[in-house]
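Chemist: coords below, sequence missing:
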Ligand SMILES: NC(=O)C1=CN([C@@H]2O[C@H](COP(=O)(O)OP(=O)(O)OC[C@H]3O[C@@H](n4cnc5c(N)ncnc54)[C@H](OP(=O)(O)O)[C@@H]3O)[C@@H](O)[C@H]2O)C=CC1
Ligand SMILES: Cc1cn([C@H]2C[C@H](O)[C@@H](COP(=O)(O)OP(=O)(O)O[C@H]3O[C@@H](C)C(=O)[C@@H](O)[C@H]3O)O2)c(=O)[nH]c1=O
């Protein structure tokens with residue numbers, strides 16, 4: 001298939017390009033220097049050159065706290081960007097895959113079971129709201145769509161690019177004597193290598209729709225950080241704290257674990273559990 005990956009220097013973009021090329025797809029990667037998804041003219045001119053059968057959009061505004069003070073910027077990239085792409089793909093009758101987030105959930109404070117695709121979303125942050133709007137534009141405007149919700153991404157491009165939680169912990173764990181980390185936000189951090197594998201399998205099915213895709217199991221940021229330190233052999237004192245104690249600019253879901261059984265049914269593929277994924281990442 002002829003595939004254009006937008007955000008090709010990012011964590012997911014890079015691993016996805018590698019995996020798709022291994023499967024002998026004809027891949028064009030677009031960097032932020034080559035396309036600005038919030039500009040319809042940039043979308044049309046760039047995509048008419050690569051002329052794909054499928055566009056995969058991994059580009060986004062990902063600064064969750066900063067989005068609270070500049071929600072219009074987050075909305076332009078995360079909502080109007082996918083809208084531009086959806087319009088273009090619908091006009092050209094090609095397929096679009098949009099990557100979204102577990103942060104479209106969070107409003108339900110009593111939730112304790114993994115979210116299915118048919119569960120009602122309810123974001124608690126400007127970032128989450130902008131990603132949800134992006135999902136709706138793609139689902140409403142482009143019939144041949146995949147919308148993928150995932151969580152807590154880490155991949156090798158995060159070592160040098162925009163960073164990730166695991167890399168932040170490796171750095172802070174070596175720099176500081178003690179760290180306070182949130183222990184009341186439950187989710188499933190996901191390796192972009194495993195996510196890229198799942199998405200590569202999904203596009204071979206032509207089963208369009210909304211999918212939840214994460215590694216297996218669930219944890220908290222505190223437990224994840226402790227596992228990072230254990231695997232990396234870093235000795236640092238860690239204290240579990242609450243979301244309120246951390247007092248970030250943006251609120252986050254207390255529970256945003258995603259149930260991935262639809263993906264498993266459609267692709268016959270189950271992602272590794274989060275601990276195995278983390279070991280693979282830190283050992284590679
Ligand atoms: N990171 C995470 O923990 C999670 C991410 N997601 C979603 O997964 C997707 C991939 O995330 P991830 O790989 O971590 O992201 P990265 O930040 O690693 O990569 C995103 C890429 O998109 C580019 N980009 C940013 N803005 C634009 C724009 N306006 N037009 C074109 N390109 C742009 C960036 O370029 P530059 O850096 O040069 O601006 C960067 O190369 C995103 O949709 C994100 O919302 C979902 C859940 C968790
Ligand atoms: C650095 C640090 C963070 N934290 C907390 C803050 C936050 O609640 C949590 C994760 O922090 P981060 O800033 O890495 O991640 P955050 O921006 O909340 O992560 C999100 O990224 C976006 C793009 C998504 O779509 C989500 O799926 C999610 O993974 O860890 C601590 O408790 N202690 C610390 O020392």
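Modeler: That came in fine, so what should we check first? As the structure is a computational prediction, the values presented were derived from the model and not from experiment. Residues are numbered from 1 along each chain as shown. Ligands and ions are numbered 1, 2, ... in the order given.

Chemist: alpha carbons only for contacts and neighbour counts from here, please
Modeler: Fine.

Chemist: In the chain, which helix is the longest?
Modeler: helix 126-141 (DSSP state H).

Chemist: Quick check: next helix or strand after that one?
Modeler: strand 145-150 (DSSP states H and E).

Chemist: right, and the helix or strand after that following strand?
Modeler: strand 153-154.

Chemist: Residue 248 reaches residue 66, doesn't it?
Modeler: No. Residue 248 is beyond contact range of residue 66, at 10.1 Å (criterion: Cα atoms under 8 Å).

Chemist: So those two - more neighbours on which side?
Modeler: Higher neighbour count among residue 248 and residue 66: residue 66, with 16 against 11, using other Cα atoms under 10 Å.

Chemist: Leaving out chain neighbours, which residue sits closest to that one?
Modeler: residue 249 (7.6 Å; Cα to Cα, 6 or more residues apart in numbering).

Chemist: how near is the one you found to ligand 2?
Modeler: From residue 249 across to ligand 2, the span is 10 Å (Cα to the nearest ligand atom, to the nearest Å).

Chemist: ok, now residue 67?
Modeler: 10 Å.

Chemist: Over to residue 131?
Modeler: With Cα to the nearest ligand atom as the criterion, residue 131 and ligand 2 are 8 Å apart.

Chemist: residues touching that residue, list them.
Modeler: If you count contacts by Cα atoms under 8 Å, 6 or more residues apart in numbering, residue 131 has them with 75, 78-79, 100-101, 104.

Chemist: Point out the ones among the residues you listed that are inside strands.
Modeler: 100-101 (DSSP state E).

Chemist: Take the contacts of residue 131 and write them to CSV, including distance to ligand 1.
Modeler: Below are the contacts of residue 131 laid out as CSV (distance: Cα to the nearest ligand atom, whole Å):
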residue, distance to ligand 1
75, 10
78, 7
79, 11
100, 5
101, 4
104, 10
